[in-house]
Structures are given as C-alpha cells and as structure tokens.
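J.: here are the coordinates; sequence isn't available:
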C-alpha cells in the first residue's frame with residue numbers, strides 16, 4: 001500500500017487551506033491538498049514525504065521509471081518553462097515535483113540545472129498561489145548562499161511572494177535566517193531593505209529610513225520612492241513628497257531609464273502622477289494639478305479617477321469649460337463607472353455655476369431618476385434581513401451576470417467594497433475546490449476497484465437507496481447554497497450517503513487516501529459555511545455604506561435643484577429690472593439683433609423649428 005504524504009510538506013504546500021488553491025497546483029500538489037485534512041494523523045517520517053510517495057508510485061508502476069541524466073533534466077526544464085510561459089502552472093508543478101522530490105535525481109542536487117528546477121518549482125507554486133510551498137523551495141535555493149547560480153532570482157521571487165501575501169515581517173525573518181552568515185549582493189540587499197520598509201510602515205520614520213537604503217539600480221526603487229513620498233505627506237512635507245514622486249512620474253518612456261523596472265512600474269508611474277496632482281490640488285495650484293491629471297494616459301486604470309478629479313479641480317479654479325471637457329471625456333470612456341453618481345452631481349453643479357439653470361435642473365432630475373430607486377432598495381435591504389437573504393442567495397448562485405434589473409445594478413455597486421468582492425470570489429473558488437475534493441474521493445475509490453479486479457468494470461453501488469439520497473442532497477445543495485448552516489448539513493449528508501453507496505473499502509490499497517479526500521471535503525464544506533457567514537455580515541456593511549453614499553448624493557442633488565430654481569428666478573428678476581429701466585439685457589439684445597437682420601421668408605440659424613421649403617432658395 002502506498003504511504004500518503006506526511007503533514008509537514010502538505011502543510012507547506014497548502015498553506016492555510018485557503019479556497020481557490022487546488023486548481024492552481026500540479027496533480028501531485030493537488031493530491032497533497034486532497035490529503036491535507038487527514039495528514040495531521042500521519043506519523044513523522046525520516047524521509048521526505050512527497051519523495052517517498054513518488055518512489056512508491058514508481059515501484060508500483062504508476063509512474064514511468066526513467067534515467068536521471070543531465071540531458072533528461074534539461075529536457076524537463078525546457079518543458080516546464082514552456083508550460084509556465086503558457087500559463088499552465090499546474091502541469092509545470094507536477095513535472096518539477098517529479099525532479100525535485102524524486103530520489104533518482106538526488107545525485108544531481110549540486111548542479112545548476114537541479115537548482116533551476118527548484119527555482120522553477122517555487123515560481124510555479126507561487127503562480128498557483130500555493131505560497132507556503134513556494135517559500136519552501138525558493139528558500140532551498142536561497143539557503144545555498146549568494147554564490148549559487150539562482151540565488152538572486154530566487155531571492156526576488158521570495159520578495160514577490162511577500163508582496164502578494166502582505167506577510168512582510170515573516171518574509172524578512174525568513175530571509176534573514178537564510179542569509180545570516182552571508183553578505184548579500186547589492187540587488188538582494190535593496191530587496192530586503194524594501195521589505196523592511198513595508199514591514200515597518202506603521203512607523204513612518206522607520207519605514208522611510210529603510211526605503212532610503214533601496215538603491216536606484218533596484219527594480220523596487222520606484223516603489224520605495226512612492227512610499228517615501230507617502231511618508232513625507234504624513235508629516236506635511238510636501239516639498240520632499242513631490243521630489244520623491246517626480247523621480248517616478250517624470251521618467252520619460254522614450255529615455256534610457258535611470259533605474260531598473262518590472263511590470264509594476266507603469267502602474268506605479270500613474271499613481272505617482274495622480275499623487276502629484278492631488279498634492280497640487282490641495283495646495284490650490286490648479287494649473288499644476290491640471291498638468292499631472294492630463295499626463296495620465298488613456299489606457300491607465302487610474303484614468304477614471306483622474307478625469308473626475310481633474311474636472312473637480314478645474315471647477316474649483318473657475319475653469320468651467322475645461323471642467324466640462326473632462327466630464328464629457330469621463331462620460332465617453334466610463335459609461336458604467338462607479339463614480340457616475342458623483343460625476344453627474346458635478347455636471348449639475350457646473351451648469352449652475354455657468355448659469356445654465358435649465359440644464360442643471362435636467363441633470364439633477366436625471367440623477368434622481370437613475371439613483372433614487374437604488375437608494376430606496378438599499379434602504380429597504382438595510383432594515384430587512386429576509387430581503388438580504390434573498391439577495392445573498394442570488395449573489396451566491398451568480399444570477400446577476402446581466403445586472404439589468406435593480407437588484408443586479410445594486411450588486412455591482414456593492415462590489416465596490418473590496419472585502420465584499422473578495423468574499424464573493426472566495427466562494428466561487430471554494431465551489432471548484434469542493435467539487436475537486438468530491439471527485440478525489442471517487443477517483444481513489446475507482447482506482448482501488450480497478451486495481452483489485454484487474455478489469456475496467458466498476459462494482460455496483462452498495463445501496464441504491466443511498467444513491468437516491470445522494471442525488472437528492474446534491475439537488476438541495478444547488479437550491480439552498482446561500483444558507484451556510486444548510487450547506488454544512490447538506491455537505492455532510494452528501495459525504496455520508498456517498499460513502500454508504502460507494503464504501504471507501506472499495507478503494508482497496510487506496511482506502512486511506514479516499515478517507516483523507518473525504519476528510520478534506522468535509523473541511524471544505526465547513527470552510528464554505530464560515531465564508532458564507534462572513535459574506536452575510538459583510539453584505540450588511542456594504543449595503544449600509546451604499547445607502548449612506550446614495551443618500552448623501554441625492555441630498556446634494558436636491559440642493560442643486562434649489563440653486564437652479566433660485567438662480568433662474570434671480571436671472572429673470574435682473575432681466576425684468578433692466579427692461580424696466582429701459583435697458584435690454586445682453587443675451588436678449590444679441591438675439592433681437594440677429595432676428596432683426598433677416599427677412600420674413602428667412603430663418604435664424606441654428607434653426608430649432610419647422611423646416612421651410614424655401615430655406616435653401618433664399619440662402620445668400
């Protein structure tokens with residue numbers, strides 16, 4: 001019987017069993033995840049658990065035995081790199097596990113090619129978001145010391161893991177323990193200094209000191225300057241903040257850069273421009289703010305906010321034509337933006353400021369017509385738990401794809417809440433993981449049945465009644481997937497009825513693996529219960545925030561209505577007063593002047609009435 005992987009390696013591969021992780025791993029990593037829930041009962045092993053498992057698979061004839069030559073290793077590396085380049089981290093992970101954890105490749109452990117395999121495995125696991133597993137294998141490369149061929153790229157990859165997970169302090173401790181007796185290359189020293197700065201971010205002064213040690217040759221230099229600027233803003237040192245941001249924002253794309261960059265640079269450059277514009281706006285330097293807002297390219301993900309803020313900034317300066325131009329550009333490029341309510345309110349205010357009172361009332365009326373029903377719905381959901389449950393059920397089932405009805409539109413607004421959006425994504429990932437875990441139970445049982453019978457025919461179910469219960473429980477789960485308590489109970493029922501219909505004893509030599517897969521499925525159902533419960537609580541928070549936001553916007557819109565009515569009344573009063581005094585108001589005079597110069601059979605252009613048949617004959 002094959003011995004399952006022990007808890008040590010599985011825990012490092014799976015991390016904290018976060019949802020959405022199984023599909024990103026290789027097949028053997030997926031097997032390790034499936035066994036994780038029950039691996040805590042396995043005893044310690046003097047050998048590498050996954051390596052022992054691979055050797056057992058070879059002895060059982062489940063994997064092809066092949067020579068561990070340098071040529072074969074190079075072929076595997078080429079294939080793994082090709083798979084990674086194609087985005088197939090799962091297959092690359094499985095392929096590289098077959099090298100790094102196979103005893104037959106151990107004699108090549110000191111070669112550069114083998115260290116490349118460790119490095120690629122760490123990258124593949126990181127791509128699949130198995131971050132603790134990535135730390136393990138990348139750490140093995142870093143522990144070999146700076147003289148190792150892949151030390152610097154592995155060090156960078158570990159820093160990337162920290163940036164992805166936000167575990168800056170833990171990674172600083174791991175890197176320092178791995179390189180305690182070794183002097184770091186300049187690039188790695190800068191990477192470590194940046195992580196120290198992120199770990200110390202609560203203390204702006206200490207963080208700034210760490211970021212100052214990041215040299216201009218580092219790929220993290222622009223990010224370090226950005227955070228130094230944020231620290232300067234916190235202490236109200238705008239001159240220092242602008243100096244740091246300009247190092248990033250004013251780097252011309254066509255020039256030879258003064259520092260190394262990675263894929264994050266151009267996004268960071270846009271953020272630096274936006275920060276410079278906001279600083280200038282706060283200091284009432286509106287022309288300078290206009291320059292930086294205008295410098296953000298059309299393909300930037302920050303253009304949405306830049307156009308809105310630029311329009312507001314120009315309005316503050318009194319440049320209403322420029323403000324209207326930014327607003328028009330916003331409407332053209334972002335018809336479904338989350339900032340649409342605020343922009344509509346700004347447009348109405350611009351109309352009031354330019355004395356276009358009829359236009360202001362029309363803008364305000366359209367805003368109320370568009371968002372008052374959403375505000376009413378949010379207010380109703382805020383006080384009605386049954387209605388929130390119904391919305392939660394729709395959200396979990398994913399029936400809001402079109403978002404055409406009122407609830408669908410509200411869900412899109414609610415997803416502006418970062419935590420709410422993340423929980424929705426976690427539930428979707430967890431559904432995939434649960435399906436894989438249930439499939440794992442079935443696959444181990446099928447493999448065992450085939451190995452015992454030496455035939456392709458599978459044994460019939462042990463209980464027809466249990467099969468019926470299994471089908472009914474699955475149907476109920478599909479219908480009641482929004483209730484976390486029901487999910488957990490139905491999940492247990494599905495597993496129990498599945499085991500009654502297809503006992504794990506049918507798995508033969510793989511019975512232990514089948515039981516471990518079953519334990520993981522139970523753990524996943526329980527985890528789904530907790531996530532759905534958290535989503536319910538976050539839904540209430542998101543609805544309250546949305547309700548407050550819409551109420552505030554609609555309240556300001558009513559003030560625009562009042563300003564427009566009062567303004568038009570005042571305008572008419574001024575015109576009447578001028579006529580009483582024998583003066584013709586300018587706008588009335590120019591219109592009368594134009595109308596007085598045309599004949600009775602001619603029209604004033606631009607014409608807004610009926611088209612006369614002789615319009616073109618009388619054109620001079």
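T.: That came through fine. None of the values given here were measured: they were computed from a predicted structure.

J.: make it CA atoms for all contacts and neighbour counts henceforth
T.: Noted.

J.: residue 230 against residue 241, yeah?
T.: Yes - counting by Cα atoms under 8 Å, residue 230 does reach residue 241; the two are 6.8 Å apart.

J.: who's in contact with residue 154?
T.: With contact set as Cα atoms under 8 Å, 6 or more residues apart in numbering, residue 154 has these partners: 119, 138-139, 141-142.

J.: so which of these comes closest to residue 557?
T.: Of all the contacts of residue 154, residue 557 sits closest to residue 138, with 56.2 Å by Cα to Cα.

J.: need the pLDDT of that closest one.
T.: Residue-level confidence at residue 138 comes out at 93, pLDDT.

J.: now do residue 62
T.: Residue 62 is given a pLDDT of 62.

J.: so, low pLDDT: which residues of the stretch 151-300 of the chain?
T.: Residues of the stretch 151-300 of the chain meeting the criterion pLDDT under 70: 181-182, 251-262.

J.: what residue is smack in the middle of the chain?
T.: The centroid of the chain falls nearest to residue 422 when counting by Cα atoms, centre = their mean (7.5 Å).

J.: what is the rounded mean pLDDT of the helix or strand harbouring it?
T.: In this structure, residue 422 sits in helix 418-453 according to DSSP states H and E. For helix 418-453, the mean pLDDT works out to 74.

J.: buried set for that helix?
T.: Buried residues in helix 418-453, counting neighbours by 16 or more other Cα atoms under 10 Å, are found at 420-421, 423-424, 426-431, 433-434, 436-438, 440-450.

J.: hmm, residue 540 and residue 417 touching each other?
T.: No - applying Cα under 8 Å as the test, residue 417 and residue 540 come out as separate, 11.4 Å apart.

J.: just how off-centre is the longest helix along the chain within its chain?
T.: Longest helix in the chain by number of residues (criterion: DSSP state H): helix 511-580. In terms of Cα atoms, centre = their mean, to the nearest Å, the centre of helix 511-580 is set 19 Å apart from its chain centre.

J.: one step back: same for the helix holding residue 422, what does it pack against?
T.: Here helix 418-453 touches helix 385-397, helix 511-580, going by 3 or more Cα pairs under 8 Å, 6 or more residues apart in numbering; DSSP states H and E.

J.: count the residues that sit near residue 185.
T.: Residues lying near residue 185 (other Cα atoms under 10 Å) number 12.

J.: quick one: contacts for it?
T.: The neighbourhood of residue 185, defined by Cα under 8 Å, 6+ apart, consists of 146, 152.

J.: and it, backbone torsions?
T.: Reported as degrees, to the nearest 10, the phi and psi values for residue 185 are phi -60, psi 160.

J.: I figured residue 268 hits residue 221, correct?
T.: No - assessed by Cα under 8 Å, residue 268 is found out of contact with residue 221, at 11.0 Å.

J.: show me which of those two is the more surrounded one.
T.: Just comparing residue 268 and residue 221: by other Cα under 10 Å the higher neighbour count belongs to residue 221, 25 against 17.

J.: tell me how far the residue lying closest to the more buried one once chain neighbours are set aside lies from residue 468.
T.: Distances taken as Cα to Cα, 6 or more residues apart in numbering put residue 214 closest to residue 221, at 5.8 Å, once the chain neighbours are dropped. Using Cα to Cα, to the nearest Å, residue 214 is found at 64 Å from residue 468.

J.: residue 580 now?
T.: Separation of residue 580 from residue 468 (Cα to Cα): 91 Å.

J.: more neighbours, the two?
T.: Taking other Cα under 10 Å, residue 580 and residue 468 do not tie; residue 468 has more neighbours (14 against 10).

J.: mind checking the pLDDT average for the strand or helix carrying that one?
T.: Residue 468 belongs to helix 464-479 when assigned by DSSP H and E. For helix 464-479, the mean pLDDT works out to 71.

J.: let me know the angle separating the helix or strand residue 371 falls within from helix 385-397.
T.: Using DSSP H and E, residue 371 sits within helix 357-383. Here helix 357-383 runs at an angle of 100 degrees relative to helix 385-397 (axes from the mean of the first three to the mean of the last three Cα atoms, to 10 degrees).

J.: buried sites along helix 357-383?
T.: Neighbour counts over helix 357-383 (16+ other Cα under 10 Å) mark 357-361, 363-365, 367-368, 371-372, 374-375, 377-379, 381-382 as buried.

J.: so which residues make contact with the helix or strand where residue 138 lies?
T.: Using DSSP H and E, residue 138 sits in helix 131-142. By Cα under 8 Å, 6+ apart, the residues outside helix 131-142 that reach it are 9, 12-15, 115, 118-119, 121-126, 148, 150-152, 154-155, 157-158, 161, 165, 178-179.
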